[in-house]
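Novice: when you get a sec, could you give me coordinates for this:
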Amino acid sequence: MNNRYVITTEEIKGQEYLISALYDEQKKMIEVTPEKKEGGSVLGNIYIGRVEKVVKNLNAAFIKISSVQSCYYSLENCQNAIFTRKLSVKKELAAGDELLVQVTKEAIKTKDPVVSSNLTFAGTYAVLTTGNRKLSVSSKLDGETRKRLKHMLEQNFPETKERKFGLIIRTNAKSVSGENILEEIRRLEQFYGRLSETAVNRTCYSCLYREEPLWKKHLKGLREEDLAQIVTDDREIFEEICGYCGIGEEEFYTGGSVKTRVCRFRVKERLALCYYEDKALSLSSLYSMKSALEEALRERVWLKSGAYLIIEPTETLTVIDVNTGKNVAKKEVQENFLKVNKEAAEEIARQLRLRNISGMILVDFMNLTSKKAEEELLNTFRSALKKDPVPTQLVDMTKLGLVEVTRKKIRKSLREILK
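Specialist: The predicted structure follows:
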């Protein structure tokens, strides 16, 4: 794929945001992550939290990560918790206990952030986890590759009392040597060891680990084969990406008596790293970023066929309606409805990812009278949803013809961030 990853700064409603966005080869925005330059996200941060209260009928506790911020904690996540202060000899969590927790979900609407004692440390090819101590490999890899990588993990990290972590091999490890994967895992293991050792000497509410900027985390989560170019107009970020891709600082400038900045590198044969410095046309304008963001916040989305979508978020779910609009077929109405519905299914999958809509979604497609046509539509929709890196599931079509979809809640929606 010839997707491009663009990182730039944009002012929205008087507030500066660092915008990282994924575009397809037609310069159409697929995914976007806005991050305020000041007062950013706490997602992924690790704190020494203090248990405020335990609510047994909810099988949950509320844990403070600062003097003012309370978080929801499921007691199902309590196994293998790392305590820095335990008031009771009992294993059960009690008010006043202090332990390491990681923010797994941001505050969404009226809900508190969610924390877990299953700490995760993500690399490019592997993820180390402290609560879940299983060894696993991404299901997106083919069977032979999964078998090879699982065997490598079992050989190097056998199940013993000494191993206090689990590992997940990511999709990006597909074409990487076992040696490089193991090297990264060892670095993650050392980092986790240092963090857990120093935690006992830190005070309550200390932030022991601050998650990488969202642009970097977003970039790590993308499959390498999906990217053809990474471009930014921020020199510091450009050089950081170059270093991440194995380019040394000495290569950032040409030699000779007059040194010149290098603004383009090619790595791993097909991936281009570009520093954009055209003063006449900003990077944001080149990719029509502001208008793409404005469109992603509108209720109505037009389709090429002349039909359109209405996307309406509510407190409990998101409702999406497919309308014929300017698309009027005088003959073969059902055949036309199927064609428009399939186009809508592709666009809805893109909009869910672009707007970061999560939770329960109900889609009201145009009515199809044939069961075969309904199944064809659902198969098209499922295939489109599989492209989303966030777990998204098509549940079923109800008797009223509404299609139920669920998408995992992780971060705030685009609407909530930019409202």
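Novice: for the protein, which helix or strand comes out least confident on mean pLDDT?
Specialist: Sorting the helices and strands of the chain by mean pLDDT, DSSP states H and E puts helix 214-221 at the bottom, at a mean of 79.
Novice: what is that helix packed up against?
Specialist: Packed against helix 214-221 by the contact rule (3 or more C-beta pairs under 8 Å, 6 or more residues apart in numbering; DSSP states H and E) you find strand 15-23, strand 29-36, helix 235-244. Yep, even glycine has a C-beta here, placed from its N, CA and C like the rest.
Novice: swap in 7 Å and give it another go.
Specialist: Using 3 or more C-beta pairs under 7 Å, 6 or more residues apart in numbering; DSSP states H and E, the elements in contact with helix 214-221 are strand 15-23, strand 29-36.
Novice: neighbouring strands of the longest one in the sheet, and parallel or not?
Specialist: I take that to be strand 15-23. strand 3-12 (antiparallel), strand 29-36 (antiparallel) (DSSP bridges).
Novice: so for Leu18, which of these sits nearest?
Specialist: strand 29-36 (4.9 Å; C-beta to C-beta).
Novice: report the distance from that closest one to the chain centre.
Specialist: 10 Å (C-alpha atoms, centre = their mean, to the nearest Å).
Novice: what mean pLDDT does that strand have?
Specialist: Mean pLDDT, strand 29-36: 90.
Novice: quick one: it to helix 214-221, angle?
Specialist: On the basis of axes from the mean of the first three to the mean of the last three C-alpha atoms, to 10 degrees, strand 29-36 is oriented at 140 degrees to helix 214-221.
Novice: poorly predicted segments of the chain, please.
Specialist: 1, 38-40, 256-257, 327-331 (pLDDT under 70).
Novice: which stretches in it count as helices?
Specialist: Per DSSP state H, the chain carries helices over the ranges 143-156, 178-199, 214-221, 235-244, 283-286, 289-295, 333-355, 371-385, 414-418.
Novice: make a markdown table from the helices and strands packed on helix 214-221 and add distance to Ser413 and mean neighbour count to it.
Specialist: Converted to a markdown table, these look like this (distance: least, C-beta to C-beta, whole Å; neighbours: other C-beta atoms under 10 Å):
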| stretch | distance to Ser413 | mean neighbour count |
| --- | --- | --- |
| strand 15-23 | 15 | 20 |
| strand 29-36 | 11 | 19 |
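Novice: got those strands as CSV, with distance to Ile181 columns?
Specialist: Shown next, in CSV, are the helices and strands packed on helix 214-221 (distance: least, C-beta to C-beta, whole Å):
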stretch, distance to Ile181
strand 15-23, 25
strand 29-36, 26
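Novice: closest one to Ala81 among these?
Specialist: Nearest of the helices and strands packed on helix 214-221 (C-beta to C-beta): strand 29-36, 29.7 Å.
Novice: buried residues in the least confident helix or strand of the chain, which are they?
Specialist: Judged by neighbour count using 16 or more other C-beta atoms under 10 Å, the buried positions of helix 214-221 are 214-219, 221.
Novice: now the angle between helix 235-244 and that helix, please.
Specialist: 30 degrees.
Novice: so which of the helices and strands packed on helix 214-221 gets nearest Thr232?
Specialist: Once the helices and strands packed on helix 214-221 are compared by C-beta to C-beta, strand 15-23 is nearest, at 8.7 Å.
Novice: who touches that closest one?
Specialist: Outside strand 15-23, the residues that touch it by C-beta atoms under 7 Å, 6 or more residues apart in numbering are 3-10, 29-37, 214-215, 218, 222, 287, 289.
Novice: about what we covered before: okay if I get the strands paired with strand 15-23 as CSV plus distance to Asn57?
Specialist: Below are the strands paired with strand 15-23 laid out as CSV (distance: least, C-beta to C-beta, whole Å):
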stretch, distance to Asn57
strand 3-12, 42
strand 29-36, 37
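Novice: related to what we said a few turns ago, what is the nearest of the buried residues of helix 214-221 to Arg407?
Specialist: Gly221 (15.4 Å).
Novice: tell me who's in contact with the closest one.
Specialist: Gly221 is in contact with Pro389, counting by C-beta under 7 Å, 6+ apart.
Novice: over to Asp321?
Specialist: 309-310, 364.
Novice: dump these into TSV; add distance to Gly131 as well.
Specialist: Below are those laid out as TSV (distance: C-beta to C-beta, whole Å):
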residue	distance to Gly131
Leu309	40
Ile310	41
Asp364	40
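Novice: which of the residues you listed has the most neighbours?
Specialist: Using other C-beta atoms under 10 Å as the neighbour test, those are led by Leu309, with 19 neighbours.
Novice: isn't that one up against Thr324?
Specialist: No - with contact defined as C-beta atoms under 7 Å, Leu309 does not count as touching Thr324 (11.6 Å).
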